[in-house]
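Engineer: model the following, please.
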Amino acid sequence: MHETGTGSWVLHELRPRVLHFALHLRDRAGLPVPADPEFPPVSTEHRIPMTLPPGTDREALASDWAIWWRRLVRHEMNAASGVLPTGGLAVYTDDMDVTNSVVRQAEEVFDPPGFASLSDLPGLRALAAAHHASDTAHRATPSQVRRPALDQALVRRVAEEAAAGQGVPVGRLSARIAVLEVLGTWSYPAGPGNMLCSSAAVVDPVASARLLWRAFVSGLTGEQA
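Structural biologist: This next block holds a predicted model:
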């Protein structure tokens, strides 16, 4: 979503394939969801469970997965905001460009099919490779069915209120919202100007207004949303 015209704000609503891949891996493998609001709830996509070797330590794999998740989120949101790991800015024309750029430039965090970037987490590396090789992995991306989008009237109202509250022109506002297909109404800040949220939060007026406000204001202040 990009409001154009003089004095407009910028809001990117993303559906990150890389993050959905990691979520589906976690849930197919039956890894416990960390008891921390930073990590999304269980995915709404029902996938065929993976059979893990006897004696597999799911708790240890879950800890490794949390490390990987943080790496993926950091890179995904940096790319969406045009900040590259090596410094500088990138220009994207749409959300698909963002996703393609992440795949091209993020081999240090996501590099199928071998996942050499996970060499420091060998158990998770083997799991990711097996997940990617399976048929379900190639369907483990957001459906092509149209998903609910943030209400533009609500976005406009929150943007105007945030700008007025901060005493800045509305054109100074820029934010990125990554929507994940997970259960419940969930959201979490992913750095200044960035929020992760569930699809249920997108259609909840109170929840979406709150996360939009946090994203817009933190994008101005440079502080965590």
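Engineer: host element of the closest residue to residue 109 other than its chain neighbours?
Structural biologist: Nearest residue to residue 109, sequence neighbours excluded (Cβ to Cβ, 6 or more residues apart in numbering): residue 71, at 4.5 Å. Any C-beta I mention is one placed from the backbone N, CA and C, and that applies to glycine too. Residue 71 belongs to helix 58-80 when assigned by DSSP states H and E.
Engineer: quick check: buried residues in that helix?
Structural biologist: 61-62, 64-66, 68-69, 71-73, 75-80 (16 or more other Cβ atoms under 10 Å).
Engineer: immediately after the worst-scoring helix or strand of the chain on mean pLDDT, which helix or strand?
Structural biologist: Least confident helix or strand, the chain: helix 95-105 with a mean of 55, by mean pLDDT, DSSP states H and E. Per DSSP H and E, the first helix or strand lying C-terminal to helix 95-105 is helix 122-133.
Engineer: let me know the average pLDDT across the next helix or strand after that next one.
Structural biologist: Following helix 122-133 in sequence order, the next helix or strand is helix 152-166 (DSSP H and E). Helix 152-166 carries an average pLDDT of 94.
Engineer: report all helices and strands that helix 152-166 contacts.
Structural biologist: helix 205-221 (3 or more Cβ pairs under 8 Å, 6 or more residues apart in numbering; DSSP states H and E).
Engineer: what lies in contact with stretch 119-128?
Structural biologist: With contact meaning Cβ atoms under 8 Å, 6 or more residues apart in numbering, stretch 119-128 is reached by 25, 29, 50, 52, 56-57, 60-61, 64-65, 67-68, 112, 115-116, 118.
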